[in-house]
Every structure is written in structure tokens, then in C-alpha cells.
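In: how does the following fold in three dimensions:
(chains A and B, ligands or ions: 2)
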Amino acid sequence: MKLGYVAVVRKEFTHIRREPRMLSFIFMGPLLFLLLFGYALRLTLENVPMAVWNEDPKSVLSLQIEDRLASTGYFRLHKVDGVEQLERELVDGRARAGIHIPADLSAKLFDGERATVTMYVDGTMPAIATATRGEGGVLGGDELSAQLHFDPPDAPPRKLAKRPLIVEEKVLFNPELRDQNFFLPGVIGLLIMQVALVLTSTALVREREYKTFEQLIVTPVSGAGLILGKITPYALIAILDAVLVVSVAHFWFQVPIAGSVALLALLVVLFVAGVLSLGMVLSSYAETQQQAMFYAVFVLIPSLLLSGFVFPIEAMPKGLQPLPHFLPLTYFVSSVRGIMLKGAGLDVLGRDFVALGCFTLLFVGLSIRRFRKTL
Amino acid sequence: MPEPTAPPAPEFALSARALTRRFGDFTAVDGIDLELRRGEIFGFLGPNGAGKTTTIRILCGILTPTSGTAHVLGYDVARDPEAVKRRIGYVSQQFGLYGDLSVDENVRFYADIYGATDRAYREHLLEHYGFKDKRRRLAGALSGGFKQRLALVCALTHKPKLVFLDEPTAGVDPVTRKELWDLFYSLTADGTTLFVTTHYMEEAERCDRVAFIFRGKLVLNDAPDKVKAHLGERDLFHVRCRYDPELVRRARELPGVETVNQFGTTLRLIVERGRLTPETLARALGNGELTAAHVYPTEPTMEDVFVNLTSRLAAEAEAQDAALDAAASRGLA
Ligand SMILES: Nc1ncnc2c1ncn2[C@@H]1O[C@H](COP(=O)(O)OP(=O)(O)O)[C@@H](O)[C@H]1O
Ligand SMILES: [Mg+2]
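Out: Ligands and ions are numbered 1, 2, ... in the order given. Next comes the predicted model:
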């Protein structure tokens, strides 16, 4: 055994023991993430929200088509009125798929002709889109004719066309279903978050660790002056970082920017402000820089898992679905996809923007309140 | 911000009444009364852990007192700490500047934060404190003495009327220490009041007034040349002898001896007045080698006074504890 090995091991264990908070993180963290993966996170989808625009609502046939879709267990149907509303819901994310049943559906079917229904699919999440198209295929098959019944049941059977429905597909927003278009906008958020959290979470506690804190709080500096003063430079750095990442995603990886660049910039600024101020809050709770980094990781990983960045929020258990709403990244991911892929405007994204703004105010307020100019 | 507590130019730069600070059941500062006249150098002495830093932190408004009040430059520290902070300078015991910032950058930061607009004064300070050719040096790379000077400059840009220096000369070589003291004097020449803590006894002589704190309590508070009078009716003997713990033990048991301290080959005894003469002392310690020629009465130093005061205080506290214990055990019986 090398000289000093045992002594060093013992000393390190003693350090660890002196920081019980850290110890609980070391064991609780992996456990928490394991539980998340075990219970909450699914790649396969159930209950994909599907908007149904049924122009032939009186017809039993159209209702049977709806039943058929619902019975796959894959879709959760709700009614909309008109193609505008349907597309709007796809833009704002209330629906991930949609179907349009035309007014002449039953008339055509009764005449033994084939009728055309249109499936709309949100292409921003290629995995969902592919699966949705697959499930939508139930309408196109041969068996369907056998399953479409006429009311009353004792009426003489009429001959339907062999494949009565023509399913026309419209993949919106990301028609080629490119994975980059799905991942990269979210990655932008993740990168901003990582940089911003790491930069600020240590900002306050560093002053304590380097013993500069006492000399600082004996000056007339105000809490707001100090907190905002610490956030601002990092905000500029994080925004530059965002510009870099968005440029590479757009110009090199060809991720489109379907919406307004100004809106994208506003989103980035709001998000950066929110995350930096969250970092300040973490910094005010940490006692050492190491602890602050742990806290940052502890915010980062759940954000990654629960924001809808990879795992669709719809696939999480009902009880956990409110959780993503407490994470700034959730709002960023849905908005950035909205702007870059769907061309969504402020009318659709307003709520997300307001939420991000509220986070910033809350976190800044909290960190200023928590800041004490005493030892 | 309202500044309601400022009376017109109070006579004292600082006054504290029954200032107390507890940490749990431990009382770090115990009912301290202080008054600092404007323009004086006030020396706050005491061994490590006596409560000097804690007292200063309360007076600077960065630690709240458990009880008692303090007015600094006319403002109540507990009620209006920010008004105090704007007007004082403070150099903390631990180097508190940014090591990765240069001399200039540190000074500029603190000047800006205090809203100090007098650039010429800043330049003057940097020059006067010897930074002429060091302004771009990183603060972390400065020597101990220059770190202290820089901390002082940073605490002075806003021309505070009262400056707290917490052990500014700790761990600094004697030459540098003298230079630092010259700087302190030049400050008071401008009418600034200085509150300096130290545990170097010889520095106490340089103050206008000294107070001695021991276990959170103020033991003494007077002008340096009056401190010796606090020894009261006592004689001081200086004995030249070999280092011998047995000798100390024997000396302690002599009648009238209050404190015995051995410094290498000398023994200092504080004895009740008239109880011993050099001859009787030499004989009583008598190991044959010692004669009256090795023993001579001497003038007390400030250190002798503090040592004597604290040992008497400790003895009193011990006697009190013993009495309490005795009473408690009687109560139980
Ligand atoms: N924040 C604190 N919590 C608990 N004890 C403290 C704290 N600060 C100081 N003390 C204790 O108070 C006593 C006085 O400390 P201090 O004022 O730093 O002494 P000095 O500056 O005279 O060396 C010490 O025993 C120290 O351990
Ligand atoms: Mg101290």
C-alpha cells in the first residue's frame, strides 16, 4: 500500500461525514431519479390528444369512426369546430393529432363510394408522429367495412366499398419528421440552463467561501443591487451563448425558424432571466460551492426528464403531470418548438411567456428577500 | 431612507451600553460599555476568542446584538445599520478583498460601492499607501503587509469618520507593523477615529486609550499610562533563573503571591504590597543557586497588569463556581 493511502481515505470520509446535507443528496438523488424512470417516464404514448372536426355529426358512421379511434386506447378525442381551430390547437399543443370528417361522409359511403377523411399529425415529435400515423391506419384497413354498421341493425345490409375510407395524411410543422428538428430546439434550452445555473448558483456562496462576504456586506451595497448586479453579466454571457447555439442549429443543422426571430429572442431573454435568478436562489441556500453545484444538477436533471424535452408529458401518470409546470424549461421547450417549428405567435405563446416572466419575478424576489446583510 | 437617529455631532464617535451577543448558551460578548472620543485611537485588546471580532461586527452592523445598544456616529446600529455602514470603514480580520482583482480594480470596486466620488483622494491614498508601482498587481499576489494596506485603502475611499481595524498587524513583521502604525497615525491626524484590535501588548502603548476584553467581559478601559495604576497595592519582582517548572510551582505557593509567569529564563511575580523583599523571595524559592542578586523589583508592564487582572478574574469566577457547586450539593443533601 502506498504511503499515506489509509490516512487520506480516512480524512476524506471525515470530510464527507461533516456535510450531512451533501450525504443525503448523494443517496437521495439517484433514488429519486430511479423512481422517476421507473414510474413516470414513458416513451410510448397513450392518450394522444386528438382534435376531431366532425362535419357529419348526425351520421352513425362518423361516430363509429370516432369510436374506432378511441378504442385503440391511443387517442383521447375532443371536438373542435372548423379547420382553423383544429390547426390552432395543433400549434398551441392542445392537440397533437386531429381528424377531419367531411360533411358528405355518410352520403358517399351509402352510395358505395369511398370517402376521404384527413388525419392531421403534429410532426414536432417524430416518435409520436410515426406512432400516430400507424394507429391512424386502423381507418384505412379492409376490416373497417365489416365493422361499420347501419342503424337499425335489422335493416338490410348495404354494400360498402371495399376500402370505404381514404385516409389523407397531413404531417404539419416537421413533415420530413427530422429528429434534429425535434431535439435541437430543446437542446438550446438545456444548454442555456446548464450554463446559466452553473454560473450563478456559485455566485453568492463563492463570496462566503473566499471570505469576501464580510467585507462586502459592511458596505452600503443593497440586496437588490448585489443580486441584480451579479445576474446581469451572466445574463449577457448566457444570451450570447444562446445566439451561438441557435445559429448553429439553424444554419448548420437546418432547423427552421418558422416564426419570428424577435419572438425567439424575447423567449431566450425571458428564459435566461428565469434560470439565472433560480441559480441565485440556489446560491442563497448553499453553504459551499460544491453544494451549489449539486443543487444545480438537482434542478437540471428533473428539468431534462420532465419538461417534455424527450419524454412526452402526456405519457406521464396523471398525478405527476402538474410537476412539469413548476419547471421553467417546460415552458421554454414548448415555446421554442412553437416558434421554430410551428411558427407560433405571441397569441399562442403568451401564457408560456407570462409563466417564464413570473418565474423570474418570483426567483429574483426570493433571492433578494433571502439575502441578509448580516453574518 | 429616513435617518431619524442622528443627533447633531455627538461628542462620542461611538458609544455602547451593555452590549451582549450570545451564540447558543455561549456568551461571546457580555455586557460591554464603550465610549470612543472623536479622533482618538482606541485599542481593543484581548486574547484569541475573547470577543473582539464579535464586538466589532456588532458595531459595524453586520451582526445583531442579543441585547444592549450601540450608537455609531450617532446612529443606532441595531435599528439603522445601513446608515452606519455608509459612514464607517472596516477592515476585517481575514483578508476580504478579491484576490483575482488587481489593486486598482479592488479600490475602484469599493469606491464605487460606497459612492465615493473624490478620485483625487483615491489617487492620493494609493500613492500614500505605497501602491505607486503595484497598481496592476493582483491583490492575491501581494505580501501580507500590502494586503493590509490595500484593505485599508479600500475602506477609506469614502472618507469615513470612524474606521474599525480588526487585528490589522497580525502575522506581519515588526518593520511592516511600524509602517502600518505610521499610517494609522496619519489617519487620525485628519480627525478620523480608529478602533483597532490587537493582541500585541506593545501596540497598546501606541493607543490613546485601551480596553481589555477577556471572555467577553471588559476588564479595563483607560489611557495606557494609567493602566499601570490598575495593579494597585502590588509589587512586581523579576527573577533571573534557569527554566524550572518546579520553581514556578513553589513560587505560586508563597504567601501573597498572585501571579507567576515564566518567560524562558525569567520569572515575573506579582505580589501583594510589602509581603516579600528580594531577600525573602530568594530564600523562599531557595534552591541554593538563587540569591537576592538574581531578584529585583521592577516596574509593571501593561502585559503584567492584564495578566494579573485576568488571573484574578479567572480565580474569582472559579471561586464563584465552587461556591455555587457547594450550595447546590448542600441543597441536594
Ligand atoms: N458565529 C459564531 N457562532 C458560534 N460561536 C462564535 C461565532 N462567532 C464567534 N464565536 C465564538 O465567540 C468567541 C469570540 O470570538 P471572536 O469575537 O472571534 O474572538 P476574538 O476576535 O477576540 O479572537 C469565540 O469563542 C468564538 O468561538
Ligand atoms: Mg478576532
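In: determine the three-state secondary structure at the closest residue to ligand 1 within the stretch 101-250 of chain A.
Out: Nearest residue of the stretch 101-250 of chain A to ligand 1 (Cβ to the nearest ligand atom) works out as residue A:214 at 11.4 Å. In short, each C-beta sits where N, CA and C put it, glycine included. Secondary structure, DSSP: H, G, I helix; E, B strand; the rest coil: residue A:214 is helix.
In: isn't it up against residue B:62?
Out: Yes: under the criterion of Cβ atoms under 8 Å, residue A:214 makes contact with residue B:62 at 6.6 Å.
In: these two - which one has more neighbours?
Out: residue B:62 (24 against 21; other Cβ atoms under 10 Å in any protein chain shown).
In: which residues does the more buried one contact?
Out: Residue B:62 is in contact with A:214, A:217-218, A:373-375, B:81, counting by Cβ atoms under 8 Å, 6 or more residues apart in numbering or on different chains.
In: element containing it, please.
Out: Using DSSP states H and E, residue B:62 maps to neither a helix nor a strand.
In: for residue B:100, see how far away it is.
Out: Note on residue B:62: its distance to residue B:100, by Cβ to Cβ, to the nearest Å, is 24 Å.
In: for the nearest residue to residue B:92 once chain neighbours are set aside, give me its contacts.
Out: Nearest non-adjacent residue to residue B:92, counting by Cβ to Cβ, 6 or more residues apart in numbering or on different chains: residue A:214, 4.8 Å away. Contacts for residue A:214 (Cβ under 8 Å, 6+ apart) come out as A:375, B:57, B:62, B:92, B:94, B:96.
In: and the gap between residue A:214 and residue B:147?
Out: Residue A:214 is 15 Å from residue B:147, by Cβ to Cβ.
In: again, but for residue A:3
Out: 36 Å.
In: which one's more surrounded, the two?
Out: Neighbour count, other Cβ under 10 Å: between residue A:3 and residue B:147, residue B:147 has more, with 18 against 6.
In: so the more buried one, which state does it fall into?
Out: Three-state call for residue B:147 (three-state DSSP): helix.
In: help me confirm that it comes into contact with residue B:137.
Out: No: Residue B:147 lies out of contact with residue B:137 (Cβ under 8 Å); the separation is 10.8 Å.
In: which residues of the stretch 51-200 of chain B lie near ligand 1?
Out: Residues of the stretch 51-200 of chain B lying near ligand 1 by Cβ under 6 Å from any ligand atom: B:51-54.
In: cool, the stretch 201-350 of chain A as well?
Out: Checking the stretch 201-350 of chain A against ligand 1 by Cβ under 6 Å from any ligand atom, there are no hits.
In: quick check, residue B:165 in a helix?
Out: No: counting by three-state DSSP, residue B:165 is not part of a helix but strand.
In: from residue B:193, how far off is it?
Out: Taking Cβ to Cβ, one finds residue B:165 at 11 Å from residue B:193.
In: leaving out the residues flanking it, which one is nearest to residue B:214?
Out: Closest residue in space to residue B:214, ignoring its immediate chain neighbours: residue B:310 at 4.9 Å, by Cβ to Cβ, 6+ apart.
In: touching, residue B:278 and residue B:292? I think so.
Out: Yes: counting by Cβ under 8 Å, residue B:292 is a contact partner of residue B:278 at 4.4 Å.
In: of those two, who's got more company?
Out: Taking other Cβ under 10 Å, residue B:278 and residue B:292 do not tie; residue B:278 has more neighbours (17 against 13).
In: for the more buried one, give me its contacts.
Out: Residue B:278 neighbours (Cβ under 8 Å, 6+ apart): B:237, B:292, B:295-297.
In: which of the residues you listed has the largest number of neighbours?
Out: Among these, residue B:295 has the most neighbours (other Cβ under 10 Å), with 24 neighbours.
In: residues in contact with that residue?
Out: B:237-240, B:278, B:281-282.
In: so it bridges to which residues?
Out: Beta-bridge partners for residue B:295, by DSSP bridges, are residue B:239.
In: just the helices in the stretch 251-375 of chain A please.
Out: A:261-285, A:289-306, A:328-337, A:346-370 (DSSP state H, counting those that start in this stretch).
In: can I get those in CSV including mean pLDDT?
Out: Shown next, in CSV, are the helices of the stretch 251-375 of chain A (pLDDT from 0 to 100):
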stretch, mean pLDDT
helix A:261-285, 93
helix A:289-306, 89
helix A:328-337, 93
helix A:346-370, 92
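In: show me the contacts for the residue nearest to the spatial centre of chain A.
Out: Note on chain A: the residue nearest the mean C-alpha position is residue A:308, at 2.9 Å, using Cα atoms, centre = their mean. If a contact means Cβ under 8 Å, 6+ apart, then residue A:308 has A:324, A:330, A:333-334 as its contacts.
In: quick check: which element contains residue A:131?
Out: Assessed by DSSP H and E, residue A:131 sits inside helix A:126-136.
In: what's next to that helix, contact-wise?
Out: If you take Cβ under 8 Å, 6+ apart as the criterion, helix A:126-136 is touched by A:43-45, A:48, A:69, A:72, A:74-75, A:96-97, A:99, A:119, A:121-123, A:167, A:169, A:171, A:174, A:177-179, A:181-182, A:312.
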